[in-house]
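S.K.: the following comprises the amino acid sequence and a computationally predicted model.
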Amino acid sequence: MRTGAVIVAAGMSSRMGDFKPMMKIGAISMVQRVIANYQQAGVFPIVLVTGYRGDELKKHVARTGVICVHNDAYAATEMLDSAKLGFSYIADKCDRTFFSPVDVPLFTVNTVVKLMQADAAVVKPAYRGRKGHPILLKACVLPQLLSAEAEGGLRRVIDAVCGGDIAAVEVDDEGVLLDADTPEDFSRLVERHNRQLLRPEVDISLMRENRLFDKSGALLLHMIAYTGTVKGACEKLQISYSKAWGLLHEMEENLGFPLIERRPGGEYGGSSQLTPEGRSLLERYEAFVEKVRQYADVCFSEYFGNYV
């Protein structure tokens, strides 16, 4: 079951007085933190809806593997309109889709995983009974959401189209409620971040004498499968065509089997798809990473729980 995400970062941040998506909490920006939380939970693809300062934001998230969709009318539209652009792009590609605004950056990876374990048309996290973000939507909800009018805002529309099939999942994660609309809100986010500074992060490489396969290779294969071409994958990842082919050739030589099937068709090599061996490698790698991540969470709680 594929789970994607839509992050909306199209607004002008007028109440903040600064550009929220790129404001840093700790060492990384709000948008980078939201992306990392989803990616650590195995969420793919991730669509970032941009608007105000869109070109700058696109460069800021380059090479994270997110897909940027631009809202040209960002100054005259609501969050629901930006969300619809993201949902339109992802609707036929995922079984479920997370939604979150960029200014709710402190929800945890464990919260994302826990929401993915629930089964309802709409799944919302709740902290001490109060519902927050991110929200998880089944694919069956998206057509009604895309055709709904914006009156009442995104939350009202989501509640209206799900037919009452809503699950509220209680989480021990105050971050699902903390947004950053004003400088005072941002100060509270930074304070909260400093109280939960430590967290485990899994980064797995498959090795022999040299590195055979890692998250960069996995992301490239994902994007090739997603776009159907190496060129398309390069555009989404913002890497050069020659670099992508160099990485593919190196992985194939070291692994001893082909990862993609090429279909000739012009200057950029036509279409491409993963070989059965390539798809199997990607699936095994991601399942292994998830098992290690779960074990890392258990060990982290045992050894560092009192630091959080």
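M.R.: Perfect, thanks for sending it. Numbers count the residues shown, from 1 in each chain.

S.K.: list the buried residues for the lowest-mean-pLDDT helix or strand in the chain?
M.R.: One helix or strand of the chain scores below all others by mean pLDDT, DSSP states H and E: helix 153-161, with a mean of 82. The neighbour-count check on helix 153-161 (16 or more other Cβ atoms under 10 Å) flags 154, 157-158, 161 as buried. Where you see a C-beta, it was placed from the backbone N, CA and C, and this is true even at glycine.

S.K.: could you name the helices and strands sitting against that helix?
M.R.: helix 79-90, helix 142-147 (3 or more Cβ pairs under 8 Å, 6 or more residues apart in numbering; DSSP states H and E).

S.K.: pick the most buried one from these.
M.R.: Highest mean neighbour count of the helices and strands packed on helix 153-161: helix 79-90, a mean of 21 (counted as mean count of other Cβ atoms under 10 Å).

S.K.: one step back: quickly, which of the helices and strands packed on helix 153-161 bottoms out on average pLDDT?
M.R.: The minimum mean pLDDT among those belongs to helix 142-147 (a mean of 90).

S.K.: which strands or helices does that one pack on?
M.R.: helix 79-90, helix 153-161.

S.K.: can you tell which of those is closest to residue 234?
M.R.: helix 79-90 (18.6 Å; Cβ to Cβ).

S.K.: report the rounded mean pLDDT for whichever helix or strand comes after the closest one.
M.R.: Remark: after helix 79-90, the chain's next helix or strand is strand 96-101, criterion DSSP states H and E. In this model, strand 96-101 carries a mean pLDDT of 97.

S.K.: just checking: what are the partner strands of strand 96-101?
M.R.: strand 3-9 (parallel), strand 135-138 (antiparallel) (DSSP bridges).

S.K.: how about these in CSV, adding mean pLDDT and distance to residue 121?
M.R.: Output for those, formatted as CSV (pLDDT from 0 to 100; distance: least, Cβ to Cβ, whole Å):
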stretch, mean pLDDT, distance to residue 121
strand 3-9, 97, 14
strand 135-138, 96, 5
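
S.K.: just those: most buried one?
M.R.: Of all the strands paired with strand 96-101, strand 3-9 has the most neighbours on average by mean count of other Cβ under 10 Å, namely a mean of 27.

S.K.: tell me the angle that one makes with helix 79-90.
M.R.: 140 degrees (axes from the mean of the first three to the mean of the last three Cα atoms, to 10 degrees).

S.K.: next secondary structure after strand 3-9?
M.R.: By DSSP H and E, the next helix or strand past strand 3-9 is strand 24-25.

S.K.: cool, thanks, talk later.
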